[in-house]
Structure formats: C-alpha cells, structure tokens
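>>> This is a predicted model, with the sequence first.
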Amino acid sequence: MADSGDAGSSPLVKVTPIQPQRKTLVRWTEQPGQIEAYEETPLFAKLAAFVEKMHVDIGDPVTGPQADAQGHVTREAQLLVELSVPELDEELQQKQAAIGQAQAEVQQASAGIKVARAAEVSARARVEEAEAVVDQTQADYEFAESEFNRLRKLADRGAVTREVAEEKQKLLRAADSVRKQTQAKIAAARAAVTEKHAQVEKAEADYEAAQKKLLVVEADLARVKAMLAYTKIHAPYDGIVAARNVHTGHLVQPGVGSGGKPLLVVVQTRIMRIFVDVPEADAPLIADGSEAEVQFPSGMVEPRKGTVTRTTWILNAGSRTLRTEVDLDNADRKLRPGMYAHARIKVAERPDAVSLPRGAVLGSGTETYCLTIDSEGVVKKTTVSVGIRAGDDVEIVSGLTGDEQVIGVNAAAFREGQQVDTAAASPAAK
C-alpha cells in the first residue's frame, strides 16, 4: 500500500530498479609477495680444513646430480670446492699399508692351516703304520711264549738242557719288549695326532682372527675415505651460486665458513616461489591447484601464471592470515629471489550465479537483505542468503528468483513500506 501522507505532501521519489543477473562470478584475492628461490642451500665444511681450490664464484651456474628412473646416476654433481686435510691424507696411507699387512697375515694364516693339516695327516699315517705291525709283534710274543713253555717242560724232565730253555726265555723277553715298544709307538702316534689336530684348530682360529682383523682395517680405511669425500663439495642440484664467503687458503671449521658464514650458497632457479598471506575471510576458499596470476611492479618481467602449490593450513595467530605458496616456472631465469611481486589468486568461481551489486545488499545484525519494489511501487525488505563477493558483485544463494525489481543505488536511503515512483527496470551491472 502507498504511504498516503507522503503522497499528499510531496512527490514520490523516482527509482530506477535493477534486476538480479545470472553470471559467472569469480572471486580473487590480491596480495603482495616476494619472489624466493625454490630451494636455497648453504654449503658448509664437514671437517676442519684448508680451502685448496675454488671452482666457482657468485653468479656461476652449477649442475647437480641426475639419475634415471631406476635411480642410477647418469650425471655426477659438479665439483664446487676442494678442501685439504693433510692429516687425513697421512692416515689414508697408513690405513692402506695396514690393509696390505692384514692381507699378508690372512695369507700366512691360510698357509699355516695347510701345514697343520699336513702334519695331522702325517701323524695319522704313523698311527696306521704302528697299528699295522702290532699284530705281528703280538704273534711273535705268543710264539716265543709257547716255545719257552714247551722247552721249560722238557727241561724239567731232562729232555733238554736248562740253557736251551733259558735261551727261549730271552727270546720271549725280547718279543715282549718289541710288543710293548709297538704299543708305545701307537700311543705316541695317537698323541701326536691329537696335538696336530689341536694345531689345525689353532691355525683355523688364527686365520679367522686374521680375516676379522682385515675387516676392521678395511672398515677403518672406508671411514677415512668417507671423511676424505667431505673435502670435495659438490652442487646439490642445478642452480646458481648466490654467495661465496671463502677464498683459497682459508682455514674453515666444521659447519663454519669464513666469519661464521657458509662457504657457498646455491639457489635453485628452475622454479621460483612466491609467498602471500591470504586474509582470514578468503583462507577457507584457498585450495591446492587454485589459479594464480603474478605481476611484477618493476615492469621488467612479464606477468606469470601459476597455481597454489601448498599452504600452511593454519592461520598466523598475529595477522590472522594463511601463508600460501605459488610456484612459478622460471626456465628463462628472469625471475630472481628478492623481487617484489603482486599475486592475484582465484579463491572461488560460481557459474550461472544470481548476483546483485554490492550496494544493493544490506545487513542488519545477522540478517542480510535487499529492498525490492512490488507491482504497486511499495518497497519491501527481502531476506537473502549471500555467497561469495566478486568485485562489486554479490552472489545471492537464496531469497531471489531473478525476476524481482531491486533498489540497486543508495538502497540504505529507503525504508520498508515506502511508496516510490519506478522507472523501467534495468539489468544489474555486469
């Protein structure tokens, strides 16, 4: 209904309403940032050493190692710095000499096993030799005993003289002595076998000890070689030398170059990073892969396109911003660390969305609304739900069909129930 008091006292306010428009809304967040190298590696010394030779200087390109799909190295990393540690060189020679000595001891122990085994075989042969005649000596003893007993009986009857019996007794004693000597030889030969077997076991133990000693010496040599490998400092990847803090002849300490600085600093230039801090309002909309456009105020480098690569996910407690990283291709090496940049990141896109200009959407407390004009020219408050804001456009998620006449300019100057004079509705600004 028209406000009769207003109508009678003054002319109606003329309004040119607008209609909600359907369009693709794209929300961008624009933030300043700074170009940084994708990787920056300070190179320090592992050992206390003298700088023997510098192969690169600031600004020099360097090449890192490359490997195939199987992990096999196809290109060695470029040598950047050579250090000298005289004590390690001397220790290397000492360990190499110790290797030769240990190898000789292994060979000697191996030969000792052969000698001990041969001696054991010889002792066993003597046992077999002694055992071979034991039966013969036993038979001779039994025969002599039998002859002595027979002649002794004959002598007792007087059939033979006592001298004959005594002669046979001497032969019996001689046969018994030979038998006992043979048994003693067998025992001695068996004892020799036991001794020689113990010598074989000792020789085998010596050989095992010599081998373990060789392993220890080889491990010491490997350790020295590993330490010497630290005297050769190579490029970690393809990049550029950004800083050099030492010169030939400088004495460097472990983890320290000259004045506490690294020997060299290498930066990777194939890809560059730009970090931007996205406000809290846009942070939930940021996702990996979001489109980004980066411009450079200096005007010396053309704008680059990239994507959001990663975020910290959590907001900075002080600034309430989300640290976001965009990677940029830098094959032409025009981007340099430290350059100032301005990033424009797409945080949301709504195709075929109902939209109104920002000035047409009002709020009161938790309520969001717009002012529409009905067919009788009366202003009405229509509650709406809004989505993203893209520039001067606001997404209307619900509350409007798209056919309404909406006050789009200076909406806050009107009130619900007010009678207005409407001109032809115009579409919302695109």
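That came in fine, so what should we check first?
>>> could I have stretch 53-71 exported to PDB, CA atoms only?
The C-alpha trace of stretch 53-71 is given here as PDB (Å, rounded to 0.1, in the frame of the first residue of the first chain):
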ATOM      1  CA  LYS A  53      90.700 -24.700  -4.700                       C
ATOM      2  CA  MET A  54      87.600 -22.800  -5.600                       C
ATOM      3  CA  HIS A  55      85.900 -23.900  -8.900                       C
ATOM      4  CA  VAL A  56      83.000 -21.400  -8.900                       C
ATOM      5  CA  ASP A  57      82.200 -17.800  -8.000                       C
ATOM      6  CA  ILE A  58      79.000 -15.800  -7.500                       C
ATOM      7  CA  GLY A  59      76.600 -15.900 -10.400                       C
ATOM      8  CA  ASP A  60      78.100 -19.100 -11.900                       C
ATOM      9  CA  PRO A  61      75.500 -21.700 -13.000                       C
ATOM     10  CA  VAL A  62      76.100 -25.100 -11.400                       C
ATOM     11  CA  THR A  63      74.800 -28.600 -12.200                       C
ATOM     12  CA  GLY A  64      73.600 -31.200  -9.700                       C
ATOM     13  CA  PRO A  65      73.400 -35.000 -10.000                       C
ATOM     14  CA  GLN A  66      70.900 -36.700 -12.300                       C
ATOM     15  CA  ALA A  67      69.500 -40.200 -12.100                       C
ATOM     16  CA  ASP A  68      67.300 -42.300 -14.400                       C
ATOM     17  CA  ALA A  69      64.000 -43.900 -13.400                       C
ATOM     18  CA  GLN A  70      65.800 -46.800 -11.800                       C
ATOM     19  CA  GLY A  71      67.800 -44.500  -9.600                       C
END
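>>> mind starting the numbering at 218 from now?
Understood, numbering begins at 218; the last thing we discussed is stretch 270-288.
>>> buried sites along it?
For stretch 270-288, a neighbour-count test (16 or more other Cβ atoms under 10 Å) marks 271, 273, 277, 279, 281 as buried. C-betas here are computed from N, CA, C, even on glycine.
>>> Quick one: name whatever helix or strand follows the worst-scoring helix or strand of the chain on mean pLDDT.
Within the chain, no helix or strand scores below helix 221-226, which has a mean of 48 by mean pLDDT, DSSP states H and E. Proceeding N to C from helix 221-226, the next assigned helix or strand is strand 230-232, under DSSP states H and E.
>>> to the chain's geometric centre, what's the distance from that next one?
71 Å (Cα atoms, centre = their mean, to the nearest Å).
>>> buried set for it?
Residues residue 232 are the ones in strand 230-232 that count as buried (16+ other Cβ under 10 Å).
>>> Other residues contacting it?
Residues from elsewhere that reach strand 230-232, judged by Cβ atoms under 8 Å, 6 or more residues apart in numbering: 590, 624, 631, 635, 637, 638, 639, 640.
>>> ChimeraX command for the buried members of the residues you listed?
Applying 16+ other Cβ under 10 Å to the contacts of strand 230-232, the buried members can be selected in ChimeraX as follows:
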select :590,624,631,635,637,639
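>>> Just send the contacts of strand 230-232 back as JSON lines, with secondary structure and distance to residue 424 too.
As requested, the contacts of strand 230-232 are exported to JSON lines (DSSP: H, G, I helix; E, B strand; the rest coil; distance: Cβ to Cβ, whole Å):
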{"residue": "590", "secondary structure": "strand", "distance to residue 424": "108"}
{"residue": "624", "secondary structure": "coil", "distance to residue 424": "104"}
{"residue": "631", "secondary structure": "coil", "distance to residue 424": "107"}
{"residue": "635", "secondary structure": "coil", "distance to residue 424": "111"}
{"residue": "637", "secondary structure": "strand", "distance to residue 424": "112"}
{"residue": "638", "secondary structure": "strand", "distance to residue 424": "116"}
{"residue": "639", "secondary structure": "strand", "distance to residue 424": "111"}
{"residue": "640", "secondary structure": "coil", "distance to residue 424": "111"}
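>>> Looking at the contacts of strand 230-232, which two lie furthest apart in space?
The most widely separated members of these, counting by Cβ to Cβ, are 635 and 640 (15.9 Å).
>>> those helices in this structure, which residues are they?
Taking DSSP state H, the helices of the chain run over residues 221-226, 303-374, 379-446.
>>> what about the closest residue in space to residue 228 that isn't next to it in sequence, distance to residue 308?
In space, and not counting its chain neighbours, residue 228 is closest to residue 638: 7.6 Å by Cβ to Cβ, 6 or more residues apart in numbering. Distance of residue 638 to residue 308, computed by Cβ to Cβ, to the nearest Å: 101 Å.
>>> do the same with residue 542
In terms of Cβ to Cβ, residue 542 sits 46 Å off from residue 308.
>>> And residue 411, by the same measure?
46 Å.
>>> So between the two, which is more surrounded?
Ranked by neighbour count (other Cβ atoms under 10 Å), residue 411 and residue 308 place residue 308 first, with 17 against 11.
>>> how about the closest residue in space to the more buried one that isn't next to it in sequence, what does it touch?
In space, and not counting its chain neighbours, residue 308 is closest to residue 441: 5.3 Å by Cβ to Cβ, 6+ apart. For residue 441, the contacting residues are 305, 308, 309, 312, by Cβ under 8 Å, 6+ apart.
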